[in-house]
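Chemist: Make a model of this:
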Amino acid sequence: MFKKLFGKKEKKIEETIFSPLNGKVVKIEEVPDPTFAQKMMGEGIAVEPKDGQVVSPVNGEIIQLFPTKHALGIRSETGLEILIHIGLETVNMKGEGFTAFIKEGDKVKVGQKLIDFDLDLVKEKAASTITPIVLTNGDMLENLEQSYSDNGIKGETAIMNVKVKA
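Modeler: As a prediction, this is how the structure comes out:
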């Protein structure tokens, strides 16, 4: 009855997003592609990978796996939608050098292996290896704190602390 009288109080939900790759964690503005650098797809961060393995940055569900395996979307337990886009212009590789270990609908845990890719092949054939990690439903964000590192460790280094609107 009191909820009806005074309205439901919004509950804040916090979540930590971990680095999905080993490598240097940098500002999204450093990505040499205006779609990401100007945050047209959403707020985020990027990693310059040291190797070719992508792990889950959150506990959640795979909501999209591109046929070329160069990008994927995860919905976290709080409802945040996270796009991981491996390298730039990698769609042109048509899946060459990419191996997925998940499919749409799979439940994943932090640190679980999602995709392996041939880093040398991406260096050779793509515009860049830098990998944006973008929050595509930013309207859910109440607060975002980002952390940068010269030596991020996949599944262990916290790169974003997020408070979402309930």
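Chemist: Tell me how far the closest residue to Leu80 other than its chain neighbours lies from Val164.
Modeler: With Cβ to Cβ, 6 or more residues apart in numbering as the measure, Leu135 is the residue that lies nearest to Leu80, at 5.8 Å, once sequence neighbours are left out. All C-beta atoms are positioned from the backbone trio N, CA, C, and that covers glycine. Distance of Leu135 to Val164, computed by Cβ to Cβ, to the nearest Å: 10 Å.
Chemist: out of the two, which sits in the busier spot?
Modeler: Under the criterion of other Cβ atoms under 10 Å, the comparison of Leu135 against Val164 puts Leu135 first, with 25 against 21.
Chemist: show me the residues around the more buried one that make contact.
Modeler: Gly42, Glu43, Gly44, Leu80, Glu81, Ile82, Leu141, Leu144, Met160, Val162 (Cβ atoms under 8 Å, 6 or more residues apart in numbering).
Chemist: what sits in contact with each of Leu135 and Val164?
Modeler: Residues touching both Leu135 and Val164 (Cβ under 8 Å, 6+ apart) are Leu80, Leu141.
Chemist: who does Glu43 bridge with?
Modeler: Leu135 (DSSP bridges).
Chemist: Brilliant, that's me finished.
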